[in-house]
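[1] Sequence unavailable; structure follows:
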């Protein structure tokens, strides 16, 4: 059955119900990693967006969005948004990731601000590791190129 039909707004599912619905060890591995690495808690959000209508799970750290997870029966998609100023820096990193993730990057043209929206179907341990690398890179401290006075 469709996730959107099982849990309509305003009744949000809890984490255990969501994990049972997805029934994929990669889901549990990613959510545990996000919570342990960034100390963040999942935020259930109901959406009518075309990408994944119904309940999705958002993760934020330090006031900034990390990713959004879109559950389906037996699988899930992770949306990672790479902001315009970071997208150019990300090109080198992308070249080290799996062929699947590189193809998603290539098929995700930048917006007018240069932002890339990467919708990754996490269907293998390799893609799970790609997501972790992208999120770790995204949250890494950046140093200004400005000269110190």
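    Thanks, I have the structure now. Here the structure is a predicted model, which is why all the values come from computation and not from measurement.

[2] where's residue 118 relative to residue 103, distance?
    11 Å (C-beta to C-beta, to the nearest Å). All C-beta atoms are positioned from the backbone trio N, CA, C, and that covers glycine.

[3] So for those two, which sits in the more crowded spot?
    Higher neighbour count among residue 118 and residue 103: residue 118, with 20 against 10, using other C-beta atoms under 10 Å.

[4] Tell me if that one really is in a strand.
    Yes. Assigned with DSSP: H, G, I helix; E, B strand; the rest coil, residue 118 falls within a strand.

[5] isn't it right next to residue 82, touching?
    Yes. Assessed by C-beta atoms under 8 Å, residue 118 is found in contact with residue 82 at 6.7 Å.

[6] which residues do those two both contact?
    Taking C-beta atoms under 8 Å, 6 or more residues apart in numbering as the contact rule, residue 118 and residue 82 both touch residue 134.

[7] Mean pLDDT per helix and strand in this protein: which one sits at the bottom?
    When the helices and strands of the chain are scored by mean pLDDT, DSSP states H and E, helix 3-6 comes last with a mean of 55.

[8] Tell me the helix or strand right after that helix.
    helix 15-22 (DSSP states H and E).

[9] May I see the buried residues of that next one?
    Judged by neighbour count using 16 or more other C-beta atoms under 10 Å, the buried positions of helix 15-22 are 18, 19, 21, 22.

[10] tell me what it is packed against?
    Taking 3 or more C-beta pairs under 8 Å, 6 or more residues apart in numbering; DSSP states H and E as contact, the helices and strands that helix 15-22 lies on are helix 25-38, strand 64-72.

[11] Kindly recompute the last result at 7 Å.
    Helix 15-22 sits against strand 64-72, with contacts defined as 3 or more C-beta pairs under 7 Å, 6 or more residues apart in numbering; DSSP states H and E.

[12] List of residues touching the strand it packs on?
    Under the contact criterion C-beta atoms under 7 Å, 6 or more residues apart in numbering, strand 64-72 has outside partners 3, 18, 21-22, 34, 38, 40, 51-52, 56-60, 76-81, 135.
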